[in-house]
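Chemist: Here you go, sequence then predicted model.
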Amino acid sequence: MKILKLKESIILMGLFAFSCTSNDANGKHSDTDTSKNSGSQANETTSKKSFKYDLDHPQKKWKLIPDLLEISGNTMVDENHLLVIEDLRPDLYLLRLDADTAVVEKKVRFKDEKPGEKFDVEDVTLVNNTVYALWSHGAIFKINDWQGKPDVKEIKTFLKKENNTEGICYDPVTKNLLVTCKGASDVEDEKKSTRAVYEYDLSGDSLKSEPFMLIHKKDFKKASDEKVEFYPSAIAVHPITHDIYILGTKDSKGMAVFTHSGELISFNLIDKEVLPQPEGICFSPDGTLYISTEGKEGGAGYLCRYDFAK
């Protein structure tokens, strides 16, 4: 797996010019080297140190049932359970993760289907006992008491089909939700390639009008000599570092990591043989990463676990 990392250059003026390497509180590095070869080696080394997961080698992989062929989102319930959804039906699946199998313990329908009605449910997150499920057209389904008698409220936002809302997660820093768009950002004067992340206010059940952060194509150009076309498909906030992890699954499959203020830290390519269509991401409290992938070409969907290298 190739890991691509932004270089930061620091020039100190004085009687002598020299270069140095520094670390921040989260173990991220900035590098400067007058030698092209040693600079390249330093960049590769610091990239590996800053990204704490080996996406080519999951520590555990669970094959999912046929109903979850198009699994599109997941969220942590407890150390043994995840709540997941799939694209085509308004159902919640409670998965128990055993040693060798992922068992569906419960299936909850959160919206009645009308004849001819199409669904495109893209992601899910859990806050206390309330589930939030995201529709690709911008609506959010708020589901209280999801394990008992679900009380469902459909909340419309200003985001539409063209924005293609794909990811939702809880942010422990703002104590709100983050919603990421695969499609147009709809931000004035921004390029078509710009992608937006919005903040959903839990206290007011409303989406804030200004983007929480913007994802610019030019930032990936700085991070890589290769062309990166980034289309967000899922989002999660790391429970320890509070960095923002965003999956991209169209064209350039990979994991982009941002500071909580929106600065790109690294972009990490994903092997399609390992994760053919990664659509869901969540963390456990200790930093363990879970990625779900849809099945491709008749294959099953899978859930993969990646341990956090502290």
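Modeler: That came in fine, so what should we check first? These numbers come from a predicted model, not from an experiment.

Chemist: Could you pull out the helices in this structure for me?
Modeler: Listed in chain order, the helices of the chain (DSSP state H) span 36-50, 217-223.

Chemist: In CSV, could you pull the C-alpha coordinates for stretch 98-113?
Modeler: C-alpha atoms of stretch 98-113 as CSV (Å, rounded to 0.1, in the frame of the first residue of the first chain):
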residue,chain,number,x,y,z
ASP,A,98,-18.2,-13.6,17.0
ALA,A,99,-14.8,-15.1,16.5
ASP,A,100,-15.6,-16.4,13.0
THR,A,101,-19.1,-15.1,12.1
ALA,A,102,-21.1,-11.9,12.1
VAL,A,103,-24.5,-12.8,13.4
VAL,A,104,-27.6,-10.7,12.8
GLU,A,105,-29.2,-10.5,16.2
LYS,A,106,-32.0,-8.1,15.3
LYS,A,107,-33.5,-6.4,12.3
VAL,A,108,-35.5,-3.2,12.7
ARG,A,109,-37.5,-1.5,10.0
PHE,A,110,-37.6,2.3,10.5
LYS,A,111,-39.8,3.3,7.6
ASP,A,112,-42.7,1.7,5.8
GLU,A,113,-42.1,1.1,2.1
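
Chemist: Just the buried residues of that stretch, please?
Modeler: Using 16 or more other CB atoms under 10 Å as the burial criterion, the residues of stretch 98-113 that qualify are A102, V108, F110, K111. No exception for glycine: its C-beta is placed from N, CA and C like everyone else's.

Chemist: any chance of those residues in CSV, plus distance to K52 and pLDDT?
Modeler: Below are the buried residues of stretch 98-113 laid out as CSV (distance: CB to CB, whole Å; pLDDT from 0 to 100):
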residue, distance to K52, pLDDT
A102, 24, 97
V108, 33, 95
F110, 34, 94
K111, 38, 90
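
Chemist: before we move on, back to that, least reliable of the helices of the chain by average pLDDT, please.
Modeler: For the helices of the chain, mean pLDDT drops lowest on helix 36-50, to a mean of 40.

Chemist: mind checking pLDDT for D205?
Modeler: 97.

Chemist: Give me the spatial nearest neighbour of K106, chain neighbours excluded.
Modeler: Residue nearest to K106 in three dimensions, not counting chain neighbours: L94, with 4.1 Å by CB to CB, 6 or more residues apart in numbering.

Chemist: is P278 in a bridge, and if so with what?
Modeler: Beta bridges link P278 to T293, judged by DSSP bridges.

Chemist: what's around it, how many residues?
Modeler: Counted with other CB atoms under 10 Å, residues neighbouring P278 total 24.

Chemist: Might one say that it is in contact with K250?
Modeler: No. The criterion here is CB atoms under 8 Å, and P278 misses it with K250 at 10.6 Å.

Chemist: tell me the contacts of Y132?
Modeler: Neighbour list for Y132: V124, T125, L126, I140, F141, K142, I143, I168, L177, Y200 [criterion: CB atoms under 8 Å, 6 or more residues apart in numbering].

Chemist: and the residues you listed as TSV, adding neighbour count?
Modeler: Formatted as TSV, the contacts of Y132 follow (neighbours: other CB atoms under 10 Å):
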residue	neighbour count
V124	26
T125	27
L126	19
I140	25
F141	20
K142	17
I143	23
I168	24
L177	22
Y200	24
